[in-house]
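Enquirer: pasting the sequence and the predicted model now:
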Amino acid sequence: MLQTVAKRRAVCDRLQKEIEELREAIRVLQEKLHQAEEALVRLRKTRSTLEQDIQTKERSLDIDSKVCLGLRKKMATDPKSCPMISVPMM
């Protein structure tokens, strides 16, 4: 009878230890999840900023190619439009 009680107690102690280990593992995983969610928020914010920067650069390139390039070509072929700048013609 005494051995049965001792065995049950040993089993209960092992189960209790396993429960504590599982709780600790859950706590660690929840912390890692929280950190990953914070990183995801930062990455999404960075992505948004980069997408805005790309849009700004695309608009700038579009303006440059449509407006400025035409003005530069005109200035290069018409010395009267900008007499101080001398661009050699090829």
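Expert: Looks like it arrived, so ask away. Note that the structure is predicted; figures quoted are calculated from it, not measured. Numbering: from 1, shown residues only.
Enquirer: okay, helices next: where are they in the protein?
Expert: 2-63, 69-77 (DSSP state H).
Enquirer: so which elements touch the shortest one?
Expert: Spelled out, that is helix 69-77. Helices and strands touching helix 69-77, as assessed by 3 or more CB pairs under 8 Å, 6 or more residues apart in numbering; DSSP states H and E, are absent. Where C-beta positions appear, they are placed from N, C-alpha and C, glycine not excepted.
Enquirer: centre of the chain to that helix, how far?
Expert: Its chain's C-alpha centre and that of helix 69-77 lie 41 Å apart, by CA atoms, centre = their mean, to the nearest Å.
Enquirer: what of stretch 30-45?
Expert: On CA atoms, centre = their mean, the centre of stretch 30-45 falls 11 Å from that of its chain.
Enquirer: export that stretch to PDB, keeping only CA atoms.
Expert: The C-alpha atoms that make up stretch 30-45 are tabulated as PDB, following Å, rounded to 0.1, in the frame of the first residue of the first chain:
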ATOM      1  CA  GLN A  30       3.500  34.200 -26.300                       C
ATOM      2  CA  GLU A  31       6.400  36.600 -25.700                       C
ATOM      3  CA  LYS A  32       7.900  35.600 -29.100                       C
ATOM      4  CA  LEU A  33       4.500  36.000 -30.700                       C
ATOM      5  CA  HIS A  34       4.300  39.500 -29.200                       C
ATOM      6  CA  GLN A  35       7.700  40.400 -30.500                       C
ATOM      7  CA  ALA A  36       6.900  39.100 -34.000                       C
ATOM      8  CA  GLU A  37       3.700  41.100 -34.100                       C
ATOM      9  CA  GLU A  38       5.600  44.300 -33.100                       C
ATOM     10  CA  ALA A  39       8.200  43.500 -35.800                       C
ATOM     11  CA  LEU A  40       5.400  43.000 -38.400                       C
ATOM     12  CA  VAL A  41       3.900  46.400 -37.500                       C
ATOM     13  CA  ARG A  42       7.300  48.100 -37.900                       C
ATOM     14  CA  LEU A  43       7.800  46.300 -41.300                       C
ATOM     15  CA  ARG A  44       4.400  47.400 -42.500                       C
ATOM     16  CA  LYS A  45       5.200  51.000 -41.600                       C
END
